[in-house]
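1. Okay, sequence plus prediction incoming.
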Amino acid sequence: MNWETVIGLEIHAQLLTRSKIFSGAPTAFGAEPNTQACAIDLGLPGVLPVLNKEAVRMAVAFGLAVNAQIAPRSVFARKNYFYPDLPKGYQISQYELPVVARGSIRIAIGDSEKIIGITRAHLEEDAGKSLHEDFHGMSGIDLNRAGTPLLEIVSEPDMRSAKEAVAYMKAIHQLVRYLKICDGNMQEGSFRCDANVSVRRRGEAKLGTRCEIKNLNSFRFVEHAIEYEIQRQIELIEGGGKVVQETRLYDPDKHETRSLRAKEEANDYRYFPDPDLLPLVIEPAFIESVRESLPELPEARRERFMTQYALSPYDAGVLTASQELADYYESCVKLVGGEAKLVANWVMGDLSAFLNKEGKDITQSPVSPELLSGMIKRLIDKTISGTIAKKVFELMWAGEGDADQIIEKHGLKQVTDTGAIEKAIAEVMAENPTQLEQYRSGKGKLFGFFVGQVMKKMQGKAAPDQVNALLKTKLQP
């Protein structure tokens, strides 16, 4: 409690362009090493970069979505450093004049919300990738990623815990996917971040010495790495030591961060304007055209779901976690013709459980909105009970057809015949005289036992509300 943590994130989102930021080379993932790097990406003599307009459009879309300022004029710079996977010896980025500046995004922490400032978002090219496996003491270099367009999103140091950092990263991840400017695939490196972490004694205004944890590519790793680093820095200071400004790597196997190199300052990179690229000038008409093309954003859709469908903040948050899931839900509600809460329960319940079990997302669901809504209609009109509906859903997932076909094929129609239910109740009462006597003696909890026995005798097909109502009458002395 004597310490305060200060965290800022630098998120690298790979833009969903078909070609690289300064060349026509493809950006598809998974190609054979060094088959998607052209002369421009490699910086060979005599070649000139040409800016990808679609990358600019995507950067502007992000800026508008976080209520940031879009620079009418921005400049590309050369960030100079040597590393084997940087073929030109410099990275084309933006420094003093980024395309996006001074925005913000709202995050949810439990029942409370917090606004996190976004310092800037600038366009830059990615480097290649060093490969250390299977080279017997050497490293291989794959330059396919060289020149891939990135949007680097730099936050203000507004986060005070690892959980806040994860919530912020998830909010950015959700937003770039809604905007369709990044696929958010962390396993492929399309969305990753560097975390800047420092601690200071509570009440101090001066920031502590920060360490940067590089290339975190999962929400879990971000949380664990930051938590470890916070504890490491506090123990170091309380033990009489000093935190050294440096770059560190997180080892998920050992659950620790390790020193990589001394942290560079901006002047170490010798930034200067790239002489091969003109300043980027963005006309107001272009910005407005991008603004008009923006989709309904996560926060607005969440608020609308709460108002239009009377959903709780939690339900609305879950159902708008991705644009695809929100679209699926709304399609179901429209096909059912209402019953928004009932539809929400099925989407968040059985559907999500089956998807999670098989590691699929909503776009891969074998149960379409049409199939799910058809089943929910049969639930509403009492053709089937809730218990039977779960069986119908399972069979739909297995590909046995729609709800009506499955109900007919397997004889799953709910029994509402009062005579049939009374007959089953009479048999259960006759078969369980001891429990009947105990119930009539005051052991009311046995009511559930009788309900279960009747449903079992009727193979789960009896209408539950009728079973309950008839049992209450028949079990009386």
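-> Sure thing, it's come through. Numbers count the residues shown, from 1 in each chain.
2. give me the number of residues near residue 192?
-> Residue 192: 21 surrounding residues under other Cβ atoms under 10 Å. For the C-beta atoms, the positions are set from N, CA and C on the backbone; glycine is no exception.
3. looking at this, it is in a helix?
-> No. If the criterion is DSSP: H, G, I helix; E, B strand; the rest coil, then residue 192 is strand and not within a helix.
4. From residue 258, how far out is it?
-> 18 Å (Cβ to Cβ, to the nearest Å).
5. Could I get the full set of helices for the stretch 351-477 of the chain?
-> With DSSP state H, counting those that start in this stretch as the criterion, the stretch 351-477 of the chain has helices at 352-358, 369-380, 386-397, 403-410, 418-431, 433-440, 447-457, 464-474.
6. for the chain, what's the longest strand?
-> strand 112-125 (DSSP state E).
7. buried residues in it?
-> Judged by neighbour count (16 or more other Cβ atoms under 10 Å), strand 112-125 contains these buried residues: 116, 117, 118, 119, 120, 121, 122, 123, 124, 125.
8. cool, and stretch 97-107?
-> In stretch 97-107, counting by 16+ other Cβ under 10 Å, buried: 97, 98, 99, 100, 101, 103, 105, 107.
9. any idea how far residue 59 is from residue 290?
-> 9 Å.
10. Please say which of those two ends up with more neighbours.
-> For residue 290 versus residue 59, neighbours defined as other Cβ under 10 Å are more numerous around residue 59 (28 against 21).
11. need the contact list for that one.
-> 15, 99, 100, 121, 122, 123, 151 (Cβ atoms under 8 Å, 6 or more residues apart in numbering).
12. Relative to residue 21, how far out is the residue nearest to the first one when sequence neighbours are not counted?
-> Nearest-residue entry for residue 15: residue 149, 4.2 Å, with adjacent residues in sequence omitted and distances by Cβ to Cβ, 6 or more residues apart in numbering. When Cβ to Cβ is the yardstick, residue 149 and residue 21 sit 4 Å from each other.
13. Mutual contacts of the two, please.
-> What both residue 149 and residue 21 touch, as defined by Cβ under 8 Å, 6+ apart, is the set 15, 52, 55, 123, 124, 125.
14. Could you list the low-pLDDT ranges of this protein?
-> 415-417, 477 (pLDDT under 70).
15. for it, what's the longest helix?
-> helix 219-238 (DSSP state H).
16. Tell me how many other residues crowd residue 423.
-> By other Cβ under 10 Å, the residues close to residue 423 number 13.
17. Let me know the angle separating the helix or strand harbouring residue 105 from strand 112-125.
-> According to DSSP states H and E, residue 105 maps onto strand 100-109. With axes from the mean of the first three to the mean of the last three Cα atoms, to 10 degrees as the basis, strand 100-109 and strand 112-125 are set at 140 degrees to each other.
18. Which residues outside strand 100-109 are in contact with it?
-> 59-60, 62-63, 66-71, 113-122, 163-164, 167-168, 170-172, 175, 299, 317.
19. hang on, the earlier thing: now flag whichever of the shared contacts of residue 149 and residue 21 is closest to residue 375.
-> residue 15 (39.7 Å; Cβ to Cβ).
20. May I have the residues that are in contact with the residue nearest to residue 15?
-> 14-15, 17, 20-21, 27, 52, 55, 58, 123-126.
21. Count the residues that sit near the nearest residue to residue 42 once chain neighbours are set aside.
-> Closest residue in space to residue 42, ignoring its immediate chain neighbours: residue 87 at 4.7 Å, by Cβ to Cβ, 6+ apart. Applying other Cβ under 10 Å, we find 18 residues neighbouring residue 87.
22. and what of residue 397?
-> 18.
23. thinking it is in contact with residue 366, fair?
-> Yes. Applying Cβ atoms under 8 Å as the test, residue 397 and residue 366 come out as touching, 5.7 Å apart.
24. Mind jotting down where the strands sit in the stretch 1-150 of the chain?
-> Along the stretch 1-150 of the chain, the segments classed as strands by DSSP state E, counting those that start in this stretch run 3-14, 69-70, 73-74, 76-80, 90-94, 100-109, 112-125, 129-131, 140-142, 149-155.
25. out of the ones you listed, nearest to residue 294?
-> It is, among those and with distance given as Cβ to Cβ, strand 69-70, at 12.9 Å.
26. Could you please name the strands that closest one pairs with and the direction of each pair?
-> strand 100-109 (antiparallel) (DSSP bridges).
27. how far out from the middle of the chain is the partner strand?
-> 16 Å (Cα atoms, centre = their mean, to the nearest Å).
28. Could you export that strand as CSV, CA atoms only?
-> Extracted in CSV, the C-alpha atoms of strand 100-109 (Å, rounded to 0.1, in the frame of the first residue of the first chain):
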residue,chain,number,x,y,z
VAL,A,100,-2.9,10.7,-34.7
ALA,A,101,-2.4,12.5,-31.4
ARG,A,102,-4.2,13.2,-28.1
GLY,A,103,-7.1,10.7,-28.0
SER,A,104,-8.7,8.6,-25.2
ILE,A,105,-10.6,5.4,-24.6
ARG,A,106,-12.9,4.3,-21.8
ILE,A,107,-12.1,1.0,-20.0
ALA,A,108,-14.2,-1.0,-17.5
ILE,A,109,-12.7,-2.2,-14.2
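29. This completes my enquiry, with thanks.
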